[in-house]
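Peer 1: this one's sequence-less:
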């Protein structure tokens, strides 16, 4: 029989040998890409991406070539081979993430050496404290931990707390990431927002002359009420402590000195609705020492003396709350 006759007698519904071979090669290549991409996605902690990454590229050739009669057995072999490999690699990726690795994945790379962001190994016999706040709280967190060593596990937010509109999103991120590793409940939540609400910004830089204020006092009030309700919902048994916003010095680039007091009055008015919330008046505690504690005139941040003093005061208030 001539080649032409053989070709004419071939069932047109069945693929040729060359088509089958090409199909298997395409399937194999795409399967390898899928396995590789998915494994790296798992290592990055993104399970949904691990499952679906490159999935569409793989599913079409799998469907097409798996249905070819002459290709079915070969495809089954390759499918089982790479699925077994994928499941093995995936299990390694999932098991590799510890609580410390999950925590460090949250910390910006340029902040990972800061003492405030150190990983805290939970001691089950101690109460758990969570600190939420901006850069002021970041700098006093190490002192709080030192003061409460042996008395409480002291955790803090993984980033700068920023303005009041960002609180819920940032804590949600923390809870989502650490939820599988933290099986404890908060006993105390010490929180503050304000300095980033009252600032004026133009093109991402502080500018109280031409910039726009991040949050008006009305917006700040509404956000703060949402934040309080949020903390009460996610930590119903925790004692809440609100720290007033620390003073703004004259000559600050993006803030008016008068606004710290004004925004604190708004916060205190909100807290009248929640008498169970403790007030840590860091504003009044700091103001008499402002000139000697700031890093330099016109700067809202504090030197080592100021940071240590604020940290000890925060620890004192938390300790009293834990006793109640």
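Peer 2: Yes, it's here. Quantities reported herein were computed from a predicted structural model and do not represent experimental measurements. Numbers count the residues shown, from 1 in each chain.
Peer 1: which parts of stretch 248-266 are buried?
Peer 2: Across stretch 248-266, burial judged by 16 or more other CB atoms under 10 Å covers 248, 249, 252, 254, 255, 259, 260, 263, 264, 266. For every residue, glycine as well, the C-beta is placed using N, CA and C.
Peer 1: and the residue nearest to the second one when sequence neighbours are not counted, how many neighbours?
Peer 2: What that stands for is residue 249. Distances taken as CB to CB, 6 or more residues apart in numbering place residue 298 nearest to residue 249, at 5.5 Å, with adjacent residues excluded. Residue 298: 14 surrounding residues under other CB atoms under 10 Å.
Peer 1: now residue 298: how far from residue 181?
Peer 2: Going from residue 298 to residue 181 by CB to CB, to the nearest Å gives 42 Å.
Peer 1: what does residue 207 give?
Peer 2: Computed with CB to CB, the distance linking residue 207 and residue 181 is 41 Å.
Peer 1: now do residue 250
Peer 2: From residue 250 to residue 181 the distance is 45 Å (CB to CB).
Peer 1: go on, residue 187?
Peer 2: Noted for residue 187: a distance of 18 Å to residue 181, by CB to CB.
Peer 1: Which one's more surrounded, the two?
Peer 2: A direct count of neighbours by other CB under 10 Å for residue 187 and residue 181 places residue 187 higher, at 19 against 14.
Peer 1: Residue 127: what's it in contact with?
Peer 2: By CB atoms under 8 Å, 6 or more residues apart in numbering, the contact list for residue 127 reads 151, 152, 153, 187, 188, 322.
Peer 1: oh, I was asking about residue 112
Peer 2: residue 104.
Peer 1: if we go to 10 Å?
Peer 2: 104, 106, 118, 119 (CB atoms under 10 Å, 6 or more residues apart in numbering).
Peer 1: tell me the contacts of the second one?
Peer 2: Residue 106 makes contact with 112, 117, 157, 158, 159, 170, 173, 174, 176, 177, 178 under the criterion CB under 10 Å, 6+ apart.
Peer 1: same thing but 8 Å
Peer 2: Residue 106 touches 158, 159, 173, 174, 177, 178, counting by CB under 8 Å, 6+ apart.
Peer 1: what's it sitting at in phi/psi?
Peer 2: Per-residue torsions, residue 106: phi -80, psi -30 (degrees, to the nearest 10).
Peer 1: measure it to residue 321 for me?
Peer 2: 26 Å.
Peer 1: Could you do the first one as well?
Peer 2: Separation of residue 104 from residue 321 (CB to CB): 29 Å.
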